[in-house]
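K.L.:
Provide a 3D model corresponding to the input given below.
(one chain, ligands or ions: 1)
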Amino acid sequence: MNKPSRLLADLISIPSVNPVAVGFEDPKITGEERMAKYIADFARKCGADVSFRYEMPKRPTVVCRLTARGAKRTVAFGPHTDTVSVANMTIDPFQPVVKNGRMYGRGACDTKGSCAAMLWAFKRAADENLASKTKTNIIFIGLMGEESGNDGVVCYCKNEPRLDFVIVGEPTFPHVVYTHKGAFWFKVTTVGKSAHGSNPHLGDNAIHHMVEAADYLRGHYAPSLQKLRHPVLGHPTLNIGQIRGGAQVNIVPDHCEMYVDHRTLPKLQAHAQIARTIAGGLLRRKIRAKIETYRDCPPLGTNPKLALVQRFHGAALSVNRRSQLTGVAYFTDASIFARYGSPSIVFGPGDIAQAHTKDEWIDLSHLDPASEACYRFLASPGSRE
Ligand SMILES: [Zn+2]
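P.N.:
As a prediction, this is how the structure comes out:
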């Protein structure tokens, strides 16, 4: 087994399930602290300065720095260290097993594979003193809390200086992602008045109001999105994911909630404006429903012509000729970095199709080239400008 894959096996065997995403804390498997400490030990052995940012008890983001005197720029790797739940998995989540060129385990592709590839590139950069040689501060940020709402990256960006370039780790291999959709999640609430089910005229049915609100979203608002089109990402989408209302069949419901997942496009849609448009559309139709945003992840629209983006893509192409500069539909920590002024892209070994699955695995043939691309980016002649 080569080195990044040995590192990945270690990372898989360290449970780091996101307690918020799964809705409970089990000290044996939840929290990012064990994983952050392992990364810290590894980075200290490389000679890095290490610090922890405890965003929540037992849930740190780990920051490992190779600093250069007179640095001209700071670049960072930013994979996340938390994973989704291990419930209903058909494999042992924390026992890495290699079979047919794949390594199995929770987080193998989302995103412990990226952690291993990037950490290995970080170690090689340290061994070769690349920070000083290229006058570049090189940072590895093991972000907590990605799977439950990007908590780690938000806290990091609020408290740390902006970065010149960030490579967020997600399974995109061999491609480099410079644009992705945003996620605008909102809750629609309707209220009414309860009454006995045998006398509905005495009440006011909150579910009926919600049906009207859903009709508006599907019949009027969603079709209007077809006018918007991004050359790489296509159209925005809207999905009603959950409805909750009513207590019992024979009671007129006085309360109903609906949860909507709207995936949005960079530059063409501002989330605050979307909320106003929908609220206005409901009001004009006299539909009594309230809109509240509960997750607001902006789209990513990094300029693909930026020198550092081009340089990273050059490194990715040098290890895999199929590599494209492209876009994806899902959102990542990259758009949060970008929102706070740090240009970001997404890259890492693996395929998103295996993320969050019952038998999560990663194609091991991605691991070395992904790590090599990260290393070549740091070592490339352009970094000496
Ligand atoms: Zn994920």
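K.L.:
Look up which helix or strand the residue nearest the centre of the chain falls in, please.
P.N.:
By C-alpha atoms, centre = their mean, the chain has its centre lying nearest to residue 332, at 2.8 Å. Assessed by DSSP states H and E, residue 332 sits outside every helix and strand.
K.L.:
Likewise for residue 314?
P.N.:
helix 307-319.
K.L.:
Mind giving me the packing neighbours of that helix?
P.N.:
strand 165-169, strand 176-180, helix 367-379 (3 or more C-beta pairs under 8 Å, 6 or more residues apart in numbering; DSSP states H and E). Every residue, glycine included, has its C-beta placed from N, CA and C.
K.L.:
Distance to residue 264 and mean pLDDT for the ones you listed - can I get that in TSV?
P.N.:
As requested, the helices and strands packed on helix 307-319 are exported to TSV (distance: least, C-beta to C-beta, whole Å; pLDDT from 0 to 100):
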stretch	distance to residue 264	mean pLDDT
strand 165-169	19	98
strand 176-180	10	98
helix 367-379	29	97
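K.L.:
before we move on, back to that, list the contacts of the residue nearest to the centre of the chain.
P.N.:
Shown in contact with residue 332 (C-beta atoms under 8 Å, 6 or more residues apart in numbering): 146, 168, 170, 177, 180, 300, 346.
K.L.:
Give me the phi and psi for the residue lying closest to residue 92 once chain neighbours are set aside.
P.N.:
Closest residue to residue 92 in three dimensions, ignoring its sequence neighbours and counting by C-beta to C-beta, 6 or more residues apart in numbering: residue 105, at 7.6 Å. The phi and psi values for residue 105, taken as degrees, to the nearest 10, are phi 150, psi 160.
K.L.:
Also residue 140?
P.N.:
Dihedral angles for residue 140 - degrees, to the nearest 10 - are phi -110, psi 120.
K.L.:
how far away is it from residue 50?
P.N.:
9 Å (C-beta to C-beta, to the nearest Å).
K.L.:
Find the residues that touch each one of those two.
P.N.:
By C-beta under 8 Å, 6+ apart, the residues touching both residue 140 and residue 50 are 43, 63-64.
K.L.:
can you list those in CSV and add distance to the ion and pLDDT?
P.N.:
Below are these laid out as CSV (distance: C-beta to the ion, whole Å; pLDDT from 0 to 100):
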residue, distance to the ion, pLDDT
43, 23, 98
63, 21, 98
64, 22, 98
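K.L.:
so residue 297 bridges to which residues?
P.N.:
Assessed by DSSP bridges, residue 297 has beta-bridge partners residue 183.
K.L.:
Residues of the stretch 1-150 of the chain that sit close to the ion?
P.N.:
The stretch 1-150 of the chain comes close to the ion at residues residue 110, as judged by C-beta under 5 Å from the ion.
K.L.:
Strands of the stretch 1-150 of the chain, start to end?
P.N.:
Along the stretch 1-150 of the chain, the stretches classed as strands by DSSP state E, counting those that start in this stretch are 49-56, 59-66, 73-79, 97-99, 102-104, 136-142.
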